[in-house]
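Peer 1: return atomic coordinates for the entry below.
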Amino acid sequence: KKTTESKKKKKKKKKTTQVGAMAVALIILAAGKGTRMMSDVPKVLHEVAGGSLLVHAMRSGFNLEPERTVVVAGHGAEAVGAATLAYDEDAIVVVQQDQLGTAHAVKQAKDALADFSGDVIVLYGDTPFIQSETLDAMLTAGATADVVVLGFQAADP
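Peer 2: The predicted structure is shown next:
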């Protein structure tokens with residue numbers, strides 16, 4: 001089963017904070033309905049390239065060896081939560097009851113990170129395949145900035 005295989009691949013030693021190194025937490029936004037996909041399946045659970053969008057996003061983030069991972073679920077929260085915990089039993093799943101926007105979704109992770117001190121990376125659960133080098137560069141940029149935002153310009157929009 002792919003879930004078991006994926007779980008084996010992701011098992012890593014939890015990050016140990018070195019002197020001068022900042023701990024990292026992930027917030028993965030996975031609450032969207034995916035109306036344009038015309039499916040009852042939660043958007044982040046659609047499969048692409050051998051795994052769900054959610055698992056691909058989690059894999060991208062795990063390369064940072066986060067101290068804590070919080071997945072914000074909404075539409076299909078039970079299924080999203082089950083998929084999250086099947087991939088990472090240490091992840092924390094919080095539910096955004098009403099989808100009131102991205103900032104509101106991030107706010108749902110507040111209690112789960114109340115005692116956390118370090119950098120927080122917010123990833124979209126429906127945006128897979130962000131390279132670990134990109135996330136590393138964001139953390140590096142964060143050393144001299146309060147907020148780092150990743151964007152891109154499409155060659156052929």
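Peer 1: Leu135 and Asn63 touch, don't they?
Peer 2: Yes: contact criterion CB atoms under 8 Å: Leu135 and Asn63 qualify, at 6.8 Å. (C-beta placed from N, C-alpha, C; glycine too.)
Peer 1: more neighbours: which of the two?
Peer 2: More neighbours surround Leu135 than the other of Leu135 and Asn63, with 19 against 15 (other CB atoms under 10 Å).
Peer 1: what about Gly81, how many neighbours?
Peer 2: Gly81 has 18 nearby residues by other CB under 10 Å.
Peer 1: what's the distance between it and Ala112?
Peer 2: 13 Å (CB to CB, to the nearest Å).
Peer 1: and what of Arg59?
Peer 2: Arg59 is 20 Å from Ala112, by CB to CB.
Peer 1: how far away is Glu78 from Arg36?
Peer 2: Glu78 is 22 Å from Arg36, by CB to CB.
Peer 1: looking at these two, which one has more neighbours?
Peer 2: Using other CB under 10 Å, the more surrounded residue of Glu78 and Arg36 is Glu78, with 11 against 8.
Peer 1: quickly find the element holding that one.
Peer 2: Assessed by DSSP states H and E, Glu78 sits inside helix 77-87.
Peer 1: flag every buried residue along that helix.
Peer 2: By neighbour count on 16 or more other CB atoms under 10 Å, the buried set for helix 77-87 is Ala77, Val80, Gly81, Ala83, Thr84, Ala86, Tyr87.
Peer 1: list the contacts of stretch 31-38.
Peer 2: By CB atoms under 8 Å, 6 or more residues apart in numbering, the surrounding residues in contact with stretch 31-38 are 41-44, 46, 72-75, 77, 80, 95-96, 99, 105, 125-126.
Peer 1: narrow the residues you listed to those that are buried.
Peer 2: Applying 16+ other CB under 10 Å to these flags 42-44, 72-75, 77, 80, 96, 105, 125-126 as buried.
Peer 1: now the two most distant members of these.
Peer 2: Ala77 and Asp126 (15.3 Å; CB to CB).
Peer 1: so what's the residue nearest in space to the middle of the chain up against?
Peer 2: Compute the mean C-alpha point of the chain, and by CA atoms, centre = their mean the closest residue is Ile28, 2.7 Å away. By CB under 8 Å, 6+ apart, the contact list for Ile28 reads Leu54, Ala57, Met58, Gly61, Thr69, Val70, Val71, Val72, Val122, Leu123, Tyr124, Gly125.
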